[in-house]
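K.L.:
with the input below, show me the fold.
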Amino acid sequence: MTLANKITFARIGLIPIFLGALMYYQASVRDGAPDEIFRWIAVGAFLTAALSDALDGFIARCFNQHSYLGSILDPVADKGLVLSALISLSWMDVPGLFRIPIWFLVLVLTRDVVLIVGYCILHLTGERVKISAHGLGKTATFLMMTALSAILLKLPMDWCQAFVILSGVFTLLSIVVYLRRGVELFGQFQLLPPEDTRK
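P.N.:
Now for the predicted structure:
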């Protein structure tokens, strides 16, 4: 197993630690005795996982450690971390902690559904399609990570809201771009003449 894949596995392992710390933190708040140590554990797990995403990508590129296993694990780790944070922070009601608006959660889930459905449709065409991330998608993900970090760190509410709105705008734009790219690819395959099976 490559070093990049080991880092990805470690990132996946940080997700339950992150969720567990958040749950214990909310429970302590509900009991009237907020235990900030659990919030800081969640912050540490989230930031470590987010930074390790860039690290394993860097290692994979520089040391030619790209693998089929890594291509599966990496998006699982990314989506698992982001979605667990978004869902948790959308229902947690903690004083001083910005609550993720439902519209933002729905927007992010819509983008993921669009990507998954689009990939499945293109896969059914029988064509080998290489899916690459668009600059808007990368920017939206970066802003999303920034927004989640700001919320967990309890930065001013206005800052958190600004990051969420900005991330939402780029997420919406990325949905449009991915839809357009998918339609163009599907159109190209549909326009190809059928193979002549006559002998």
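K.L.:
for the host helix or strand of V177, could you pull out the residues that count as buried?
P.N.:
Here V177 sits within helix 157-191, counting by DSSP states H and E. Within helix 157-191, the residues scored as buried using 16 or more other C-beta atoms under 10 Å are 160, 163-164, 166-168, 170-171, 174-175, 178, 182, 185-186. The way it works is simple: take the backbone N, C-alpha and C, and place the C-beta from them, glycine included.
K.L.:
so K154: helix, strand or coil?
P.N.:
coil (DSSP: H, G, I helix; E, B strand; the rest coil).
K.L.:
returning to that earlier point: so can I have CSV of the buried residues of helix 157-191 showing pLDDT?
P.N.:
Converted to CSV, those look like this (pLDDT from 0 to 100):
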residue, pLDDT
C160, 96
F163, 96
V164, 96
L166, 96
S167, 95
G168, 96
F170, 95
T171, 94
S174, 91
I175, 91
Y178, 85
G182, 78
L185, 74
F186, 71
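K.L.:
from the residues you listed, which is closest to D35?
P.N.:
Comparing the buried residues of helix 157-191 against D35 with C-beta to C-beta picks out C160 as the nearest, at 21.7 Å.
K.L.:
can you verify my assumption that the closest one contacts L152?
P.N.:
No - assessed by C-beta atoms under 8 Å, C160 is found out of contact with L152, at 9.7 Å.
K.L.:
how about L3, nearest residue that isn't a chain neighbour?
P.N.:
Excluding its sequence neighbours, the residue lying closest to L3 (C-beta to C-beta, 6 or more residues apart in numbering) is I59, at 5.7 Å.
K.L.:
low-scoring stretches of this protein, by residue?
P.N.:
Along the chain, the model assigns pLDDT under 70 to residues 125-133, 188-199.
K.L.:
run the last query once more with 80
P.N.:
Filtered on pLDDT under 80, the chain yields the residue ranges 1, 57, 60-61, 63, 65-71, 118-134, 182, 184-199.
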